[in-house]
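> how would this look folded up:
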Amino acid sequence: MASHNLQLGSSSTAASAASNQEILNYDLLAEVFSYLPAMNLSRLHLVSKSLHNMITSDPLFHLTQSYHNAAAAAIFVETYFRLHICAYNPVRRESWLIRIPPDGDIGLRSSLAVEFTNNVTGDYKLVYLTAGEDWSNFCRCRVYDSAAQVWTRDEMINDGGRNLKFENPVVHRGAVFWASNCFRYTTVDPYVMSYEIATGVIEFLAMPEPDDGAVESDDNISVAVWEESWLCLMHYRRRTGTFTAWGRSGDSWVKLNEFVLLGEARRRGDDVGVRRREGERDGVGVQRQR
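Numbers count the residues shown, from 1 in each chain. Predicted structure coming up:
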């Protein structure tokens, strides 16, 4: 990066800073700002001309920022009538359209997930999942490769028989994960579905059995990535107000943490009573397991 100083604010402010030897080195500030997500940087480009030029015009800064924030390099939004997917990079203030192959029908639900495959070039693979007809066990899955600028895969996949939470896909180590719902309209137990982006291999991860019985219809499960290494499953037991976090280790789940919302359990007046856990304070009981 350029070896000049970065002036923030007005010229009088800069002059005052210069007199106090407080003008900050450009390279140092660029390194600090490179750790900010793209959305935060988009709000800072009007602070000063120098900062604006760094955020919008410095290719080395773009490279460093994308390396530190690969998952936030662009925002992907589906357009009306599902004709295109719009991608927007708030740092470079660039946008582009990805045309969606026609599918003959417009489903009610869809899901977008992105894996950035090259932090230098910004290449990525986009997974686009659309629901089938009501009560269908099949979804349509398409994969877009930005380097080749083509849709490389278009197939119908079995989603396991439950509705997936399309709005909350999680990308982790080359795969996309969706949690199912817990409603008891089927005998199939709740699960997490994984889709390997490179190969298209599908796997269904059964959720662990709760300590106090089977999963109930008004329970809720979701997936996330914890500390950039753990695939995490969160299970909320509404009847008891209990949250349980599980981490994926090999082919099984390991309990990471658990806590109960005592206030909610009291309000609901559940018949299991309020369980006080080790570490309880301020109305929240906490039990940690590693």
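> ok, the most centrally placed residue in the chain to residue 161 distance?
Central residue of the chain (CA atoms, centre = their mean): residue 170, 5.2 Å from the mean position. Separation of residue 170 from residue 161 (CB to CB, to the nearest Å) stands at 21 Å. (Each C-beta comes from the backbone N, C-alpha and C, glycine too.)
> same question for residue 135.
For residue 135 relative to residue 161 (CB to CB), the value is 10 Å.
> more neighbours, these two?
The residue with more neighbours, out of residue 135 and residue 161, is residue 161; 15 against 9, by other CB atoms under 10 Å.
> the more buried one contacts residue 188, doesn't it?
Yes - counting by CB atoms under 8 Å, residue 161 touches residue 188, with 4.5 Å between them.
> what does stretch 170-181 contact?
71, 111, 113-115, 127, 129, 160, 162-166, 168-169, 190-198, 205, 221-225, 231, 233 (CB atoms under 8 Å, 6 or more residues apart in numbering).
> could you write me a ChimeraX select line covering just the buried ones among these?
Those of those that count as buried under 16 or more other CB atoms under 10 Å are selected in ChimeraX with:
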select :111,113,114,115,127,129,160,162,163,164,165,166,169,190,191,192,193,194,195,197,205,221,222,223,231,233
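> from the contacts of stretch 170-181, which land in strands?
If you go by DSSP state E, the contacts of stretch 170-181 have 111, 113-115, 127, 129, 191-196, 205, 221-225, 231, 233 in strands.
> strands of the stretch 1-150 of the chain, start to end?
5-6, 24-25, 75-78, 84-89, 94-99, 110-118, 123-131, 138-145, 150-158 (DSSP state E, counting those that start in this stretch).
> for residue 63, which of these is the nearest?
Nearest to residue 63, of all these, is strand 110-118, at 11.1 Å by CB to CB.
> now the closest one, how far from the centre of its chain.
Distance of strand 110-118 from the chain centroid (CA atoms, centre = their mean, to the nearest Å) equals 10 Å.
> ok, residue 235 touching residue 209?
No - Residue 235 is beyond contact range of residue 209, at 10.4 Å (criterion: CB under 8 Å).
> helices of the stretch 151-290 of the chain, start to end?
Counting by DSSP state H, counting those that start in this stretch, the stretch 151-290 of the chain has helices at residues 262-268.
> low-confidence ranges, this structure, go.
Regions of the chain meeting the criterion pLDDT under 70 cover residues 1-24, 39, 70-74, 80, 90-93, 103-108, 119-120, 263-290.
> picking that back up, adding distance to residue 64, write the strands of the stretch 1-150 of the chain out as JSON lines.
Listed next are these as JSON lines, based on distance: least, CB to CB, whole Å:
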{"stretch": "strand 5-6", "distance to residue 64": "15"}
{"stretch": "strand 24-25", "distance to residue 64": "15"}
{"stretch": "strand 75-78", "distance to residue 64": "20"}
{"stretch": "strand 84-89", "distance to residue 64": "15"}
{"stretch": "strand 94-99", "distance to residue 64": "17"}
{"stretch": "strand 110-118", "distance to residue 64": "15"}
{"stretch": "strand 123-131", "distance to residue 64": "17"}
{"stretch": "strand 138-145", "distance to residue 64": "25"}
{"stretch": "strand 150-158", "distance to residue 64": "29"}
